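need a 3D model of the sequence below.
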Amino acid sequence: MRRRALLASFAALAGAAALPALARVPGLGNVEQPRLLLVIDDVGHSLASGRRTLALPGPLNCAFLPHSSHGRTLAQEARALGKGVMLHAPMANSQQLALGPGALTPDLDKAELQRILRDDLDAIPHAVGVNNHMGSLLTSSREPMEWVMQVLRERGLWFVDSRTTASTLAWQVAQEQGVPSLMRDVFLDHEQTREFVHREFRRGLRIARDYGSALLIGHPHDVTLDYLHEALPLLDELGFQRLTVSAFLRQQADFHSLNPADPRLINTHRRHWGMA
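Below is the predicted model:
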């Protein structure tokens with residue numbers, strides 16, 4: 001019964017009874033499918049919640065905290081299961097909240113910050129990209145973000161700006177440094193209730209429908225994982241395509257190589273603050 005209610009709630013986003021209407025993106029021509037990217041942050045502290053995360057159906061990315069108790073083990077398991085592996089890099093925040101080991105802070109010089117970042121990356125096997133853990137202070141600072149992107153460019157990695165502050169420069173600096181990058185659209189679980197997660201998940205589906213793609217970030221809380229285990233299997237019925245970040249970036253590169261005017265080339269940053 002709850003499955004039917006979820007499906008009806010998602011289908012209502014189309015504004016019509018027919019589910020295929022969700023696969024049309026207003027103003028962008030005939031997009032084959034809205035694309036949904038899911039990242040689960042803060043993986044590595046708990047083996048049990050980490051494995052529940054890896055058991056989520058379909059493509060997703062897991063962002064592992066460096067030097068966490070189970071990060072290395074779970075990253076190996078994620079790779080074996082075909083999930084995308086990311087470093088969840090701790091970055092200084094304006095609230096001075098504790099960051100744990102491997103933190104990148106504004107008092108570090110270039111050599112030390114890059115050394116710590118390389119150690120963090122080495123702690124998470126198979127990492128193909130990075131996003132920021134906290135970071136409201138560091139992602140607003142141009143020079144440290146340039147140092148971060150230099151390391152990612154050297155290693156051929158991509159970056160997801162978690163957008164923990166409106167003043168973030170991370171996505172912009174990544175673009176300037178030639179690092180493939182995306183930005184977060186929705187945080188699923190600022191409030192750990194099913195009602196909040198459901199509302200934000202629907203908002204992510206709406207963004208994907210209207211703009212062609214959406215990147216959602218959640219955490220391995222019980223309420224989030226319970227909800228996603230129910231909701232994710234329904235998306236195929238609604239015409240959504242789920243991708244890892246790596247697959248999405250490859251797809252975009254392929255579209256661009258064929259035709260720069262391809263309507264599937266989503267201008268992924270235009271829905272965010274202050275951007276045309």
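
isn't residue 97 up against residue 134?
Yes: using C-beta atoms under 8 Å, residue 97 is in contact with residue 134, at 6.4 Å. (Glycine included, C-beta is placed from N, CA and C.)

packing partners of the lengthiest helix in the chain?
In terms of residue count, the longest helix belonging to the chain (DSSP state H) is helix 194-211. Counting contacts by 3 or more C-beta pairs under 8 Å, 6 or more residues apart in numbering; DSSP states H and E, helix 194-211 packs against helix 2-11, strand 35-43, strand 186-187, strand 213-218, helix 222-231.

how about those in JSON lines, adding mean neighbour count, mean pLDDT and distance to residue 153?
Formatted as JSON lines, the helices and strands packed on helix 194-211 follow (neighbours: other C-beta atoms under 10 Å; pLDDT from 0 to 100; distance: least, C-beta to C-beta, whole Å):
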{"stretch": "helix 2-11", "mean neighbour count": "14", "mean pLDDT": "84", "distance to residue 153": "38"}
{"stretch": "strand 35-43", "mean neighbour count": "26", "mean pLDDT": "97", "distance to residue 153": "21"}
{"stretch": "strand 186-187", "mean neighbour count": "20", "mean pLDDT": "97", "distance to residue 153": "27"}
{"stretch": "strand 213-218", "mean neighbour count": "25", "mean pLDDT": "96", "distance to residue 153": "21"}
{"stretch": "helix 222-231", "mean neighbour count": "18", "mean pLDDT": "98", "distance to residue 153": "32"}
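
and the residue most central in space within the chain, how far from residue 227?
Central residue of the chain (C-alpha atoms, centre = their mean): residue 39, 4.0 Å from the mean position. Distance of residue 39 to residue 227, computed by C-beta to C-beta, to the nearest Å: 15 Å.

again with residue 170
To residue 227, residue 170 is 28 Å away according to C-beta to C-beta.

kindly reformat the helices and strands packed on helix 194-211 as JSON lines containing distance to residue 55.
Listed next are those as JSON lines, based on distance: least, C-beta to C-beta, whole Å:
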{"stretch": "helix 2-11", "distance to residue 55": "18"}
{"stretch": "strand 35-43", "distance to residue 55": "11"}
{"stretch": "strand 186-187", "distance to residue 55": "22"}
{"stretch": "strand 213-218", "distance to residue 55": "14"}
{"stretch": "helix 222-231", "distance to residue 55": "8"}
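
residue 194 is nearest to which of the ones you listed?
Within the helices and strands packed on helix 194-211, the stretch nearest residue 194 is helix 222-231; the backing value is 5.7 Å (C-beta to C-beta).

let me know the angle separating the helix or strand bottoming out on mean pLDDT in the chain from helix 194-211.
Among the helices and strands of the chain, helix 2-11 carries the lowest confidence by mean pLDDT, DSSP states H and E, at a mean of 84. Put simply, helix 2-11 runs at 40 degrees to helix 194-211, going by axes from the mean of the first three to the mean of the last three C-alpha atoms, to 10 degrees.

can you dump the C-alpha atoms of the helix or strand hosting residue 48 in PDB for me?
Using DSSP states H and E, residue 48 maps to helix 47-54. Extracted in PDB, the C-alpha atoms of helix 47-54 (Å, rounded to 0.1, in the frame of the first residue of the first chain):
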ATOM      1  CA  LEU A  47      29.900  -1.000   9.000                       C
ATOM      2  CA  ALA A  48      26.200  -1.800   9.400                       C
ATOM      3  CA  SER A  49      24.900   1.500   7.900                       C
ATOM      4  CA  GLY A  50      27.600   1.400   5.300                       C
ATOM      5  CA  ARG A  51      26.500  -1.900   4.100                       C
ATOM      6  CA  ARG A  52      22.800  -0.800   4.100                       C
ATOM      7  CA  THR A  53      23.900   2.100   1.900                       C
ATOM      8  CA  LEU A  54      25.700  -0.300  -0.500                       C
END
